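Asker: The sequence and its predicted three-dimensional model are supplied below.
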Amino acid sequence: MDYPYIYSWGPRGHLAGAMNRKGQRCRIVAPPPGKKAGMNSALIEFAEDKFLALISRNALRRLKPLPCVSEAGNSLTAKSFQVD
């Protein structure tokens, strides 16, 4: 299963010690139900422990592949990722 996003927000308020998931890989499971799409929110799943959370899409950063020279020649392949 592919996890193409990084959760970029740190903990705030009373959840400061319990919910530090900044920098963890995640994927969008589903947009929230409803006509309005829930004020830019989405249901995501974290790669490490499959934890589900309803978060703002502003907290997500897409991973971009880095071009790497392959060992076989000069062709470029995506072997690693970086945050936007």
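Answerer: Yep, that arrived.
Asker: Setting the sequence-adjacent residues aside, check what's closest to Asn58.
Answerer: Beyond its immediate neighbours in the sequence, the residue positioned closest to Asn58 (C-beta to C-beta, 6 or more residues apart in numbering) is Asn40, lying 6.6 Å away. The way it works is simple: take the backbone N, C-alpha and C, and place the C-beta from them, glycine included.
Asker: didn't the one you found look like it was pressed against Ser56?
Answerer: Yes. Here Asn40 reaches Ser56: they are 5.9 Å apart, a contact under C-beta atoms under 8 Å.
Asker: In the protein, where's the longest strand?
Answerer: Counting residues, the longest strand found in the chain (DSSP state E) is strand 60-69.
Asker: in its sheet, what does that strand sit against?
Answerer: strand 5-7 (antiparallel), strand 76-83 (antiparallel) (DSSP bridges).
Asker: Phe51 - how many residues pack around it?
Answerer: 13 (other C-beta atoms under 10 Å).
Asker: rank the strands paired with strand 60-69 by pLDDT, which is bottom?
Answerer: Among the strands paired with strand 60-69, strand 76-83 carries the lowest mean pLDDT, at a mean of 52.
Asker: does Pro67 have beta-bridge partners, and which?
Answerer: Ala78.
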